[in-house]
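Chemist: Sequence plus the predicted model coming up.
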Amino acid sequence: MSLTGLGQRVRSDDQVPARAPWSGRVAAGDTLAITDLGGNQAVDFLVYDAADTSERYSAAETIAAQGNIFLDTGSVLLSCESRPLMEVTADDCGHHDTIAGACSKESNTLRYGHHTRHQHACVENFLREGARHGLTKRDLVSNVNWFMNVPVEADGTLGIVDGRSAPGMSVELRALREVLVLVSNCPQINNPCNGFDPTPVRIVVATSQP
Amino acid sequence: MSEPAAGTATTTAARAHARSQAGAVVEAMPTVPARAWPDPPDGVAPERLVWAETVAGGGYTSKVLARGTRLRLTDLAGDACAHVLLYNADQPWERLNVADTVKVPWQAYLGAGHPLLSDQGRALATIVQDSSGCHDALCGTSTRRRNGERYGDGAPQSATPAGRELLLLAGLKHGLDARDIGPSVSFFQGVRVDPADGSLRFIGAQTPAPTHVDLRCELPLVVLVANVPHPLDPRDAYTATTLEILAWRERPTAPGDALWASTPELERALLNAADYSEARGIA
């Protein structure tokens, strides 16, 4: 991670606690960097056109356009209208997930049983943090999961398996227009997406503007 | 009553002209009432039919269906692609969640026994029959911008309308708007993921037409359907043939049905749908 080393000026530098949300606007041309401080920490991520939040990240558009379900350096996050929102400009980890979505209290009951109904979940973070920006439940769509490993086997079997990330790994995204980013630092404790132990992440927004 | 004047120069003539058009039959149209559909599925009495419609390539339709309705989509000629969105008709903020639909069953490819899950941990519908085996829950539908690049236009009024434009129109008629048009699934044109590197491969239709897929509504549903080429369809021409839609009264999946406890995740999704329906008074 060398944002400042690239001569960029830091606009914000936040440590997002385990299980907590984060949001922020990123100006066109600015860079957002997410660092997995403890390793194997899934970071659920949604991005909207800041000027018109009805235009938002589309996992389907993104993967159909690049012909691959994984996000890696060079991947462009596209909107539901096929317009570019952000581009992955650096990445220590690779193969970030686009298909498995966010955990929710409701889906936890299906995946693990009704005893998990009252555990905190990413959708709670998205709803609460989105509401600060006027977003509602209708604005939540399939999200990116940075640092989460979801292979698809030949017969279609898929699942969240042990992560590829490690302490200090980062991913950097350049905004291709002004965007609003919502993050949930995933609180899931029933599968290996957070190594069964959610940890903090660091989110830095930097600019090359003077 | 006097004979109407020829042409449409007067209100009387225009009315007669308009009325003389009724009774025409075209390839893509609804049959109303649905029980007048000439060829009900085997074992289905005509009076149980609640929806009978054919949708041309580039067309869309929608319907509100009761819990327990069975919905059959048929690819008549092999090049239909039915892009589908589902909402709980009682509370349309509860809608199809494509991510949960593949994650919860541990399966990326839709087929018989697969639920279509809402964001509220409930089965909106279950796939109870599938003679196609080629569907897609990953790539969504086409956009106006992409169709503009691919075919020269993607507007709804064009000859090459985009799926998102049509689903949006369908949704607008149910009080929904662009924010409600989330990720969709599509039937009859398949996509596969390379397990080695995650790349996507369009496989299209692998079974000779006609093929069909049957969905059972486990909640009351708003169903939006657009019949447009799959976004990864590599053909230069906008290729989409007619889709047939039939729906008839049945009952929701119940304990004792083979499907009910076929997986623990599906059983809980059906339990949650039944729990909602009982509390809501629509079981």
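Modeler: The structure has been received and is ready for your questions.
Chemist: what about the residue lying closest to A:His96 once chain neighbours are set aside, how many residues close to it?
Modeler: Nearest residue to A:His96 in three dimensions, chain neighbours excluded: A:Leu71, at 4.1 Å (C-beta to C-beta, 6 or more residues apart in numbering or on different chains). Every residue, glycine included, has its C-beta placed from N, CA and C. Residues lying near A:Leu71 (other C-beta atoms under 10 Å in any protein chain shown) number 28.
Chemist: next one: A:Pro151
Modeler: For A:Pro151, the tally of surrounding residues (other C-beta under 10 Å) stands at 17.
Chemist: that older thread, what sits against the residue nearest to A:His96?
Modeler: For A:Leu71, the contact set (C-beta atoms under 8 Å, 6 or more residues apart in numbering or on different chains) comprises A:Thr62, A:Leu77, A:Val88, A:Asp91, A:His95, A:His96, A:Asp97, A:Thr98, A:Val144, A:Trp146.
Chemist: Which pLDDT value goes with B:Ala6?
Modeler: At B:Ala6, the model reports a pLDDT of 74.
Chemist: for it, what are its contacts?
Modeler: Per C-beta under 8 Å, 6+ apart, neighbours of B:Ala6: B:Ala13.
Chemist: In terms of helices and strands, where is it?
Modeler: Assigned by DSSP states H and E, B:Ala6 falls within no helix or strand.
Chemist: try A:Phe126
Modeler: Going by DSSP H and E, A:Phe126 is part of helix A:122-131.
Chemist: Could you pull up the contacting residues of residue 8?
Modeler: Picking chain A for this. A:Thr31, A:Ala206, A:Thr207, A:Ser208.
Chemist: not what I meant, chain B
Modeler: B:Ala14, B:His17.
Chemist: ok so, going back, can you tell me which helices and strands the helix holding A:Phe126 packs against?
Modeler: Applying 3 or more C-beta pairs under 8 Å, 6 or more residues apart in numbering or on different chains; DSSP states H and E, one finds that helix A:122-131 contacts strand A:21-26, strand A:43-49, helix A:105-111, strand A:179-185.
Chemist: burial count for A:His114?
Modeler: For A:His114, the neighbour count with other C-beta under 10 Å is 14.
Chemist: What of B:Asp257?
Modeler: Neighbour tally, B:Asp257, other C-beta under 10 Å: 15.
Chemist: And it, its phi and psi?
Modeler: Per-residue torsions, B:Asp257: phi -70, psi 150 (degrees, to the nearest 10).
Chemist: just to revisit the earlier point, closest to chain B among the contacts of A:Gln8?
Modeler: Minimum distance to chain B across the contacts of A:Gln8 is 24.9 Å, recorded for A:Thr31 (C-beta to the nearest C-beta).
Chemist: Would you format the contacts of A:Leu71 as TSV with pLDDT, secondary structure and neighbour count included?
Modeler: Shown next, in TSV, are those (pLDDT from 0 to 100; DSSP: H, G, I helix; E, B strand; the rest coil; neighbours: other C-beta atoms under 10 Å in any protein chain shown):
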residue	pLDDT	secondary structure	neighbour count
A:Thr62	98	helix	25
A:Leu77	98	strand	26
A:Val88	98	strand	20
A:Asp91	97	strand	19
A:His95	97	coil	20
A:His96	98	strand	25
A:Asp97	98	strand	28
A:Thr98	98	coil	27
A:Val144	98	strand	27
A:Trp146	98	strand	26
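Chemist: of the residues you listed, closest to chain B?
Modeler: Distances from chain B to the contacts of A:Leu71, taken by C-beta to the nearest C-beta, are shortest for A:His95, at 6.9 Å.
Chemist: Can you tell me how far that closest one is from B:Asn147?
Modeler: Going from A:His95 to B:Asn147 by C-beta to C-beta, to the nearest Å gives 30 Å.
Chemist: circling back to that earlier point, for the contacts of A:Gln8, which one is nearest B:Pro156?
Modeler: For the contacts of A:Gln8, the residue nearest B:Pro156 by C-beta to C-beta is A:Thr31; the value is 37.8 Å.
Chemist: Near that closest one, how many residues? Count them for me, please.
Modeler: Neighbours around A:Thr31, by other C-beta under 10 Å: 22.
Chemist: pLDDT score for it?
Modeler: On pLDDT, A:Thr31 comes in at 97.
Chemist: How about A:Ser104?
Modeler: Looking at A:Ser104, its pLDDT is 98.
Chemist: now it, nearest residue through space, not along the chain?
Modeler: Leaving aside its sequence neighbours, A:Ser104 sits nearest to A:Val123 (C-beta to C-beta, 6+ apart; 3.8 Å).
Chemist: and if you look at A:Tyr57?
Modeler: A:Val47 (4.7 Å).
Chemist: list the contacts for the one you found?
Modeler: If a contact means C-beta under 8 Å, 6+ apart, then A:Val47 has A:Arg56, A:Tyr57, A:Leu77, A:Leu85, A:Met86, A:Val144, A:Val179, A:Leu180, A:Val181, A:Leu182 as its contacts.
Chemist: What is the most widely separated pair among those?
Modeler: Most distant of those, by C-beta to C-beta, are A:Val144 and A:Leu180, 14.3 Å apart.
Chemist: Which residues outside stretch A:121-134 are in contact with it?
Modeler: Contacting residues not belonging to stretch A:121-134 are listed as A:19-23, A:44, A:46, A:53, A:102-108, A:136-137, A:139-140, A:143, A:180, A:182-188, B:119 [C-beta under 8 Å, 6+ apart].
Chemist: Show me where chain A has its strands.
Modeler: Ranges of strands in chain A, per DSSP state E, are A:9-16, A:21-26, A:31-36, A:43-49, A:76-78, A:84-91, A:144-146, A:169-175, A:179-185, A:201-207.
Chemist: what's residue 144 in contact with, if anything?
Modeler: You didn't pick a chain, so chain A it is. A:Val144 makes contact with A:Asp44, A:Phe45, A:Leu46, A:Val47, A:Tyr57, A:Ala59, A:Leu71, A:Leu77, A:His96, A:Asp97, A:Thr98, according to C-beta under 8 Å, 6+ apart.
Chemist: nope, chain B
Modeler: With contact set as C-beta under 8 Å, 6+ apart, B:Arg144 has these partners: A:Glu81, B:Gly154, B:Ala155, B:Ala162, B:Arg164, B:Glu165.
Chemist: Let's verify the residue lying closest to B:Gly57 once chain neighbours are set aside: helix, strand, or coil?
Modeler: Distances taken as C-beta to C-beta, 6+ apart put B:Ala240 closest to B:Gly57, at 2.8 Å, once the chain neighbours are dropped. For B:Ala240, the secondary-structure state derived from DSSP: H, G, I helix; E, B strand; the rest coil is coil.
Chemist: Fine by me, thanks again.
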